[in-house]
Every structure is written in structure tokens, then in C-alpha cells.
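1. Below is the sequence, then the predicted model.
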Amino acid sequence: MTTADMASEPGAHHHRPTYADAVEQGQTLLLGVRLFILSEVMLFGALFAAYFVLRAQSPAWPPQPDLERPELLLVGLNTLILLSSSVTMQWGVRRIAADDLAGLRRGLAVTIVLGAVFLVIQAYEFATNGFGISDGIFGSTFYILTGFHGAHVLAGLLLISAVANRARLGLVSAAGHTAVEAVSYYWHFVDVVWVCLFLSLYVL
């Protein structure tokens, strides 16, 4: 029997992916992203726990009397910028759900700009703080927490840029925008972590 004969046999044809298969794959991807974010929550949770233990054991904070925490004004502005990027990210998700590809592109572009501005302001803050990572417990915990978060912001910007490129190529639609949703989960997580950092490091 030839290959052509075998292909003509009932049940011999290969299974073609259906819409249900695509939906199932998308749900699996989103579940994977949620589990990854959960692992990140545990990691940041451990860092926050270490920070508060060290702070509770110190009679004063910062422990060194010559060290002062950064001013709230610039950091508060930066916090608003990052929170605004979460709004534009979610706006983009809603636009592509409505099959508005141009709206998604605009939302992602603004999110990238806001995220980049956040990193630039944070770099400026690091350069002008007046203390470094080697300046005692306060300096080390401050830069480990904020630097680790900054690395996550950078990773998020790279992911959003990749999704924006797919949108530019027309590879995203209302029926297939799982990657956009997945990246939005990660970006919202990064924003929530920063709010916790802002309150812990700068306010409390």
C-alpha cells in the first residue's frame, strides 16, 4: 500500500488544531504565568520578611544617623508614572478584546514609554541618593529590593516590546491575544510590588 493509499484511509489524516485547542493552549499559558507570578510573590515575600526583621531589630531606621531616606516627592511622582502604565496596559488589553488592534498598539507604546521613564527616574535617584549598597543594613536592603524590582520592570518592558512587535506585524487579534493578557498579568504584578516597596521603604 502506498503512502497516498494510507492517507486516504479513514482516520489516517492528522488532527488539525481547532479553535477549542487554541483556547485550551491559551488557558494553559495563562495558568503557567499565574504560577510563575506566585513563585515571584514568594520570592519577594521572603525579601520583604528579611527587610522587616532587620528593621525590627534595629533601634533606629536608618541605623546610621548620617543616612536619610530619599525624598518622597520624586519617588511619589515615579510611583504615579508606574501606576499609570498599569492603566494603559489594561486599556490595551481591553482594546484588543474589542478587536481594536490600533488601540492595542497605542496602549502598549504608552506603557513602554512610562515604564522606561520610571527606570530613568529610578536611575537618577540611585545616582543622587547619597548612600550606596555598602552603607550598612539600610543601604544593602534598600538597593537589593529596589534593584531587584527594577530588573523585573526591565524584563516586563522587554516582554511588552515583544508583544508590541507581534501587534505591529498583525499577529494579535481579538480571538488570539493570550500573550497580551499574560504580559499584562506580569506588569500588574510588578506595579503592585512597587506599591509595597514604596510604602515599606519610603513611607513607613
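-> Looks like it arrived, so ask away. Numbering: from 1, shown residues only.
2. going forward, measure contacts and count neighbours with C-alpha atoms only.
-> Noted.
3. For the helix or strand where residue 73 lies, name the packing helices and strands.
-> Using DSSP states H and E, residue 73 falls within helix 72-97. If you count contacts as 3 or more C-alpha pairs under 8 Å, 6 or more residues apart in numbering; DSSP states H and E, helix 72-97 packs onto helix 101-128, helix 178-197.
4. Give me the buried positions along the longest one.
-> Within helix 101-128, the residues that count as buried by 16 or more other C-alpha atoms under 10 Å are 101, 103-112, 114-116, 118-119, 122, 126.
5. How about the last one?
-> Judged by neighbour count using 16+ other C-alpha under 10 Å, the buried positions of helix 178-197 are 178-191, 193-194, 197.
6. CA atoms only: put it into PDB for me.
-> Taking Å, rounded to 0.1, in the frame of the first residue of the first chain, the C-alpha atoms of helix 178-197 are listed here in PDB:
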ATOM      1  CA  THR A 178      -3.300  35.400  25.100                       C
ATOM      2  CA  ALA A 179       0.200  36.800  25.000                       C
ATOM      3  CA  VAL A 180      -1.100  40.300  25.700                       C
ATOM      4  CA  GLU A 181      -3.100  39.000  28.700                       C
ATOM      5  CA  ALA A 182      -0.100  37.100  30.000                       C
ATOM      6  CA  VAL A 183       2.200  40.100  29.800                       C
ATOM      7  CA  SER A 184      -0.500  42.300  31.500                       C
ATOM      8  CA  TYR A 185      -0.600  39.900  34.400                       C
ATOM      9  CA  TYR A 186       3.100  40.200  34.900                       C
ATOM     10  CA  TRP A 187       3.100  44.000  34.500                       C
ATOM     11  CA  HIS A 188       0.300  44.500  37.100                       C
ATOM     12  CA  PHE A 189       2.300  42.300  39.500                       C
ATOM     13  CA  VAL A 190       5.300  44.400  39.000                       C
ATOM     14  CA  ASP A 191       3.300  47.500  39.800                       C
ATOM     15  CA  VAL A 192       1.700  46.000  42.900                       C
ATOM     16  CA  VAL A 193       5.200  45.000  44.200                       C
ATOM     17  CA  TRP A 194       6.400  48.600  43.700                       C
ATOM     18  CA  VAL A 195       3.500  50.000  45.700                       C
ATOM     19  CA  CYS A 196       4.500  47.700  48.600                       C
ATOM     20  CA  LEU A 197       8.100  48.800  48.200                       C
END
